[in-house]
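*Asks:* the following comprises the amino acid sequence and a computationally predicted model.
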Amino acid sequence: MTPTEKIWHNGRFIGWDEAKIHVLSHVVSYGSSVFEGVRCYETLNGPAIFRLREHTRRLLDSARIYRVPVDFSLDLLVEAQIELVRVNKLRSCYIRPIILRGYGGVGVLPANNPTEVYLACWEWGKYLGDDAMADGVDVCISSWNRIAPNTLPTLAKAGANYMNSQLIRMEAHHNGYAEGIALDSEGRVSEGSGENIFVIRDGKIHTPPLGSSVLPGITRDTVVTIAQDLGLPIVETVIPREMLYIADEVFFTGTAAEVTPIRSVDRIQIGMGHRGPITEKIQRAFFELVEGKSEDKHGWLTPVPQPVEAQ
Ligand code: PPE
């Protein structure tokens, strides 16, 4: 990661190296953070942030679920992220808003632990490798289940959830796979360690419902909308594990992973063993949209004004 100049902290910009917390901050012992991942794309009209409002809303939803008080409004945080990209003079980047419980009281019950809000950004390339977008990736079913309901809420994008994601991702990596797919506590398909999943058979696209312990992905919602706009049949439904093995196409979605095809699951080849035609159609529509090459009919792109020097 190449550092950028500025990070936003509680309403003002500080230097990249100044964005530090005390080791006894509540978040360090207890995982009490919520965060986001947002992408800013280079378009013909300059940089544009994709679905910024929806990401910021989910950030505040995550804080609400965990009873973290936040003094900044949705509008203010939206404006601050636009300004963040502008002051760092980036044409495309990944934005990481983080809200955490800070330094103060000790013990699990947050007492006198101030809320700290940070917004950072940096340049980030392809999440699952450069060749993944065309060739697809090899994945496995994880031996770790996704977090069960009534343990940690998966509608919140909380730091603590990513201990589960780390187990899934590390196991997959050590066994030679690009990523792991977790089943939920009932044994149904849930999601990747950092991606939602879509399964296609006989022309019909399926994705697990929110009740299958998934993060309500913004890219997931984008792909559902793209499919509907293209007239492709798409349903949210509980998906049994073996459906993956007999699928024609499978792909991941996520802000970092974008739309990444899956070419094998547990070394069983999916379809022709590379990106399938429906995945390609959706992937193309996705990139045309985020890169501003097709009409932004849903109003998903927020332009970032260019710094004076770059004009
Ligand atoms: N599920 C999980 C568990 C998840 O972490 C992500 C995003 C998604 C689904 C897709 O959500 P969305 O980005 O809104 O479409 N994972 C983020 C973090 C990746 C990381 O390694 O950090 C991301 O893609 O930005």
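*Replies:* Nice, thanks for sending it over. Numbers count the residues shown, from 1 in each chain.
*Asks:* Val304 touches Leu52, doesn't it?
*Replies:* No. Val304 is not in contact with Leu52 according to C-beta atoms under 8 Å; the separation is 9.7 Å. (Glycine included, C-beta is placed from N, CA and C.)
*Asks:* identify the contacts common to these two.
*Replies:* Ile82 (C-beta atoms under 8 Å, 6 or more residues apart in numbering).
*Asks:* so Arg39, which of the three states?
*Replies:* strand (DSSP: H, G, I helix; E, B strand; the rest coil).
*Asks:* got it, and Ile262?
*Replies:* Per three-state DSSP, Ile262 ends up strand.
*Asks:* how about the nearest residue to the residue in the stretch 1-150 of the chain positioned nearest to the ligand, chain neighbours excluded?
*Replies:* The stretch 1-150 of the chain approaches the ligand most closely through Gly37 (2.5 Å), counting by C-beta to the nearest ligand atom. Leaving aside its chain neighbours, Gly37 sits nearest to Thr255 (4.6 Å; criterion: C-beta to C-beta, 6 or more residues apart in numbering).
*Asks:* and the one you found, how many neighbours does it have?
*Replies:* 22 (other C-beta atoms under 10 Å).
*Asks:* ramachandran angles for it?
*Replies:* Backbone geometry at Thr255, expressed as degrees, to the nearest 10, gives phi -60, psi -50.
*Asks:* who are the contact partners of it?
*Replies:* 37-39, 50, 55, 94, 218-219.
*Asks:* export the residues you listed as a markdown table, with columns for distance to Tyr127, pLDDT and neighbour count.
*Replies:* Conversion of these to a markdown table gives the following (distance: C-beta to C-beta, whole Å; pLDDT from 0 to 100; neighbours: other C-beta atoms under 10 Å):
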| residue | distance to Tyr127 | pLDDT | neighbour count |
| --- | --- | --- | --- |
| Gly37 | 10 | 98 | 17 |
| Val38 | 14 | 98 | 25 |
| Arg39 | 10 | 98 | 23 |
| Phe50 | 15 | 98 | 25 |
| His55 | 16 | 98 | 22 |
| Tyr94 | 9 | 97 | 19 |
| Ile218 | 15 | 98 | 24 |
| Thr219 | 11 | 98 | 23 |
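*Asks:* how far away is the residue nearest to Gly37 from Lys157?
*Replies:* Note on Thr255: its distance to Lys157, by C-beta to C-beta, to the nearest Å, is 10 Å.
*Asks:* one more: Pro216?
*Replies:* Taken as C-beta to C-beta, the span from Pro216 to Lys157 is 9 Å.
*Asks:* next one: Thr4
*Replies:* The value you get for Thr4 to Lys157, if C-beta to C-beta is used, is 22 Å.
*Asks:* comparing these two, which residue is more hemmed in?
*Replies:* Between Thr4 and Lys157, counted using other C-beta under 10 Å, Lys157 has the larger neighbour count: 23 against 18.
*Asks:* which residue is the nearest non-sequential neighbour of the more buried one?
*Replies:* Ser62 (5.1 Å).
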